[in-house]
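A.B. asks: heads up, no residue letters with this:
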């Protein structure tokens, strides 16, 4: 079986590398389908599931802006119902990832996949990252937005993802010990990054 989890900071190319890697390996890619399946299982609107997905635009995104950079979670701004909803969303997301992994080959992007599948000996865990300035440049080219807007989104997204992983899993998503392979994807073209990950997966 080929199971690869890809964790990527904002601007590190995860949204491009993930599907290209799945195509290269000839396996399903799990990313955008997750919110739809979570919404179905929790009987909530797709818009709500999408907003909560990996914290972007949801409770943790708001908290990441308000709380300390260390990513403290569930401070005074969070109600018990908020906490219940977020835990239900997280548990359902984990269940979907594990079900797909149990069924066979898979590339999953984000959603703390390396931690959800950390006890699965078949999985290769990959982190894509790079210096902040080099992560800003591709976002500027892709979005066409001004630098200030991109910088704010990068910082808010990184904080939200860190808060999510720290709260639910007690880990820093930037910790290289969580991954088998860490790549500075800002210095390599996506095709090369895909080739390196595919080669690492084949060698397991």
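C.D. replies: Thanks, I have the structure now. Fair warning: this is a prediction, and the values are worked out from it, not measured in the lab.
A.B. asks: Next secondary structure after the least confident helix or strand in the chain by mean pLDDT?
C.D. replies: Least confident helix or strand, the chain: helix 59-66 with a mean of 44, by mean pLDDT, DSSP states H and E. Once the chain leaves helix 59-66, the next helix or strand it forms, by DSSP states H and E, is helix 80-103.
A.B. asks: list the contacts for the residue most central in space within the chain?
C.D. replies: Geometric centre of the chain, nearest residue: residue 110, 2.0 Å, by C-alpha atoms, centre = their mean. For residue 110, the contact set (C-beta atoms under 8 Å, 6 or more residues apart in numbering) comprises 6, 7, 8, 14, 31, 54, 161. In short, each C-beta sits where N, CA and C put it, glycine included.
A.B. asks: for residue 3, same thing?
C.D. replies: Residues near residue 3 by C-beta under 8 Å, 6+ apart: 101, 105, 106, 107, 108, 117, 120, 122, 123, 124.
A.B. asks: sorry, back to before: look up how far residue 148 lies from the residue nearest to the centre of the chain.
C.D. replies: For residue 110, the distance to residue 148 (C-beta to C-beta, to the nearest Å) stands at 25 Å.
A.B. asks: ok, now residue 131?
C.D. replies: Note on residue 131: its distance to residue 148, by C-beta to C-beta, is 19 Å.
A.B. asks: between the two, which one's more packed in?
C.D. replies: Comparing residue 131 with residue 148 by neighbour count (other C-beta atoms under 10 Å), the higher total belongs to residue 131, at 11 against 8.
A.B. asks: In this structure that one contacts residue 185, no?
C.D. replies: No: using C-beta atoms under 8 Å as the test, residue 131 is too far from residue 185 to be in contact (11.1 Å).
A.B. asks: ranges for the strands of this protein?
C.D. replies: 3-8, 29-30, 106-109, 123-129, 181-184 (DSSP state E).
A.B. asks: Pick the most buried one from those.
C.D. replies: Greatest average neighbour count among those goes to strand 3-8 (a mean of 28), per mean count of other C-beta atoms under 10 Å.
A.B. asks: May I have the residues that are in contact with residue 6?
C.D. replies: By C-beta under 8 Å, 6+ apart, the contact set of residue 6 is 14, 17, 18, 21, 107, 108, 109, 110, 113, 126, 128, 197.
A.B. asks: Nearest to residue 171, out of these: which one, please.
C.D. replies: Within the contacts of residue 6, proximity to residue 171 (C-beta to C-beta) peaks at residue 113, which comes in at 12.6 Å.
A.B. asks: nearest spatial neighbour of that closest one, skipping sequence neighbours?
C.D. replies: Residue nearest to residue 113 in three dimensions, not counting chain neighbours: residue 5, with 3.3 Å by C-beta to C-beta, 6 or more residues apart in numbering.
A.B. asks: Could you do residue 117 as well?
C.D. replies: residue 123 (4.5 Å).
A.B. asks: which residues does that neighbour bridge with?
C.D. replies: In this entry, residue 123 is beta-bridged to residue 3, by DSSP bridges.
A.B. asks: Report pLDDT for it.
C.D. replies: Model confidence at residue 123, given as pLDDT, is 96.
A.B. asks: Could you list the low-confidence segments of the chain?
C.D. replies: For the chain, applying pLDDT under 70 flags the ranges 1, 51-84.
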